[in-house]
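> Output the structure for:
(one chain, ligands or ions: 1)
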Amino acid sequence: MAQRTRRPLIGVTAGTRTMMSGAWAGHDAVSVNEHYVRALREAGARPVIIAPQDEWSDEEIAELDGLVLTGGTDLDPAAWGEDALVTDMTPDPERDAFETALYRAARRSDVPVLGICRGLQIIVVAEGGALHRHLPVDLPGHPTTGERPTRVEAEVEAASDLALALGTRAEVTAFHHQGVRAVRGDLRIVARHDSGLPLAVEAERGSSVLGVQWHPEIDGPSGAALFESLLTAIHHREVSAPVGSLV
Ligand SMILES: NCCCC(=O)O
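Predicted structure coming up:
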């Protein structure tokens, strides 16, 4: 079999941030935390940033080898039929719609997906699930409040791809106050916190989908293992695809 001559091309979703100072104060910037880019590069991938203001066709998304849905602002609760709360971070409906569409297109083309924090939540809601809007009220035993990064223990399902990368127990860095309440579609919960909150999901069928409620891009070796597992999923997809079926 021919060896790959280029790094896998991985789409990385960006958000929009209003610049607060300087000559362009008040203008919006496309924004993505550099940790994602560095983590993917270190895993051997070629990250390409996808801006919410852009439009990618299904054919263009199918050209990606993988997709990372990054962390960021809260999802608008209207997406699962609830009202907004005063505790919500500033919503970004354009980004919600853009990432949901990207995720669905990636699934249609069997492009492996890694969802991180907000990215996990996009996956869950895109599949018809629902979120807790504010964990300090909905699940007071859960330690993350969204105010600062917090170390939490994740209990990982032994029979999961996540356990192959992390083992069955991992300490991870989380930073969220929305959280998974109900999972639908072909997702299954593969990690939880002691509070009962789901911390990771995988897809049961089709291409690789992993969503984690924490931030592997700042979690050192255990985080690097998750980006490497995305590369492994990409490799498996390539070697199992009929010749000529991948773009
Ligand atoms: N919605 C807040 C979660 C934080 C994050 O995704 O980085």
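> got a pLDDT number for E59?
For E59, the model assigns a pLDDT of 97.
> what number of residues lie near the nearest residue to G15 once chain neighbours are set aside?
Sequence neighbours aside, G72 is the residue nearest to G15 in space, at 4.4 Å (criterion: C-beta to C-beta, 6 or more residues apart in numbering). C-beta coordinates here come from the backbone N, C-alpha and C atoms, glycine included. A total of 25 residues lie near G72 under the criterion other C-beta atoms under 10 Å.
> Say whether the ligand is contacted by stretch 213-225.
No - interface with the ligand: stretch 213-225 contributes nothing (C-beta under 6 Å from any ligand atom), its closest point being 6.6 Å away.
> buried stuff in that stretch?
Q213, W214, H215, P216, E217, I218, D219, S222, G223, A224, A225 (16 or more other C-beta atoms under 10 Å).
> what's the farthest-apart pair in these?
Using C-beta to C-beta, these span at most 18.0 Å, a distance reached by Q213 and A224.
> show me what contacts V68?
V68 sits next to 10-13, 36, 40, 47, 113-116, 119, 230 when contact means C-beta atoms under 8 Å, 6 or more residues apart in numbering.
> and with 7 Å instead?
Going by C-beta atoms under 7 Å, 6 or more residues apart in numbering, V68 touches I10, G11, V12, T13, Y36, L40, L114, I116, G119.
> isn't there a strand covering it?
Yes - secondary structure of V68 (DSSP: H, G, I helix; E, B strand; the rest coil): part of a strand.
> Would you pull up the residue in this protein closest to the ligand?
G71 (2.5 Å; C-beta to the nearest ligand atom).
> since we're on that residue, how many residues are nearby?
24.
> If we ignore the residues flanking it in sequence, what's nearest it?
C117 (3.7 Å).
> Looks like that neighbour contacts T173 (just checking).
No - counting by C-beta atoms under 7 Å, C117 does not reach T173; the two are 10.0 Å apart.
> which residues does Y103 contact?
Y103 neighbours (C-beta under 7 Å, 6+ apart): L69, V113, I122, I123, A126.
> and if you look at E153?
R169, E171, H193, D194.
> which two in the residues you listed are spaced the farthest apart?
Maximum distance among the contacts of E153 (C-beta to C-beta): 12.4 Å, for E171 and D194.
> Next secondary structure element downstream of the helix or strand of the chain at the bottom of the mean pLDDT ranking?
In the chain, no helix or strand scores lower on mean pLDDT, DSSP states H and E than helix 135-138, which sits at a mean of 91. Of the helices and strands lying after helix 135-138 in sequence (DSSP states H and E), the nearest is strand 150-156.
> Pull that following strand out as PDB, backbone CA atoms only.
Extracted in PDB, the C-alpha atoms of strand 150-156 (Å, rounded to 0.1, in the frame of the first residue of the first chain):
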ATOM      1  CA  THR A 150     -11.200  22.600  37.000                       C
ATOM      2  CA  ARG A 151      -9.500  19.200  37.300                       C
ATOM      3  CA  VAL A 152     -12.100  16.400  37.300                       C
ATOM      4  CA  GLU A 153     -12.000  12.600  37.300                       C
ATOM      5  CA  ALA A 154     -13.600  10.900  34.300                       C
ATOM      6  CA  GLU A 155     -14.700   7.200  34.600                       C
ATOM      7  CA  VAL A 156     -14.300   5.800  31.200                       C
END
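> wait, isn't L75 in contact with V125?
Yes - taking contacts as C-beta under 7 Å, L75 lies within contact range of V125: 6.1 Å.
> list the helices and strands the lengthiest helix in the chain packs on?
For the chain, the longest helix by residue count, based on DSSP state H, is helix 220-240. With contacts defined as 3 or more C-beta pairs under 7 Å, 6 or more residues apart in numbering; DSSP states H and E, helix 220-240 has these neighbours: helix 34-43, helix 161-166.
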